[in-house]
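[1] Provided below are the primary sequence and the corresponding predicted coordinates.
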Amino acid sequence: MRRMKRTMINEKMFDAFKERLGQGRDAGFKKPSEKRVLALKERDRRVFKKKLKQKIGWILRRRERGF
């Protein structure tokens, strides 16, 4: 476990996980306006990922049918 944590720290993955969980460098107080902006960005990213998954699924289903 210690070795895995060390490699994650060396590859900067640990920082990315902490930021994603809200415990990163900017984990202190956030103004409500900043929270709204961050929420919009998160929502946009979720919507984009959802649409991308739909497109990829559509392409794969077409390939299965032989088109």
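    Ah, there it is. Note that the structure is a prediction, hence the values are computed from the model and not measured. Numbering: from 1, shown residues only.
[2] what residues are up against K5?
    F14 (Cβ atoms under 8 Å, 6 or more residues apart in numbering). Just so you know, the C-beta spots here come from the backbone N, C-alpha and C atoms, and that holds for glycine as well.
[3] helix, strand or coil: sort out it for me.
    helix (DSSP: H, G, I helix; E, B strand; the rest coil).
[4] for this structure, what spans make up the strands?
    Taking DSSP state E, the chain contains no strands at all.
[5] outline the domain layout of the protein.
    What automatic domain parsing lists as the domains of the chain is 1-28, 31-67.
[6] can you put those in CSV and add mean pLDDT?
    Formatted as CSV, these follow (pLDDT from 0 to 100):
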stretch, mean pLDDT
domain 1-28, 73
domain 31-67, 94
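[7] quick one: the helices in this protein?
    2-10, 13-21, 32-65 (DSSP state H).
[8] show me what the last one is packed against.
    Here helix 32-65 touches no other helix or strand, going by 3 or more Cβ pairs under 8 Å, 6 or more residues apart in numbering; DSSP states H and E.
[9] tell me, how many residues neighbour R2?
    6 (other Cβ atoms under 10 Å).
[10] now it: how far from I9?
    11 Å (Cβ to Cβ, to the nearest Å).
[11] cool, and F29?
    Taking Cβ to Cβ, one finds F29 at 26 Å from I9.
[12] pick out whichever of the two has more residues nearby.
    I9 (11 against 6).
[13] quick one, what contacts the more buried one?
    Contacts of I9 (Cβ under 8 Å, 6+ apart): D15.
[14] next one: the one 5 residues further on
    Neighbouring residues of F14 by Cβ under 8 Å, 6+ apart: 5, 8.
[15] and the gap between it and G28?
    The separation that F14 has from G28, given Cβ to Cβ, amounts to 19 Å.
[16] and R63, by the same measure?
    49 Å.
[17] ok, those two, which is more surrounded?
    R63 (9 against 5).
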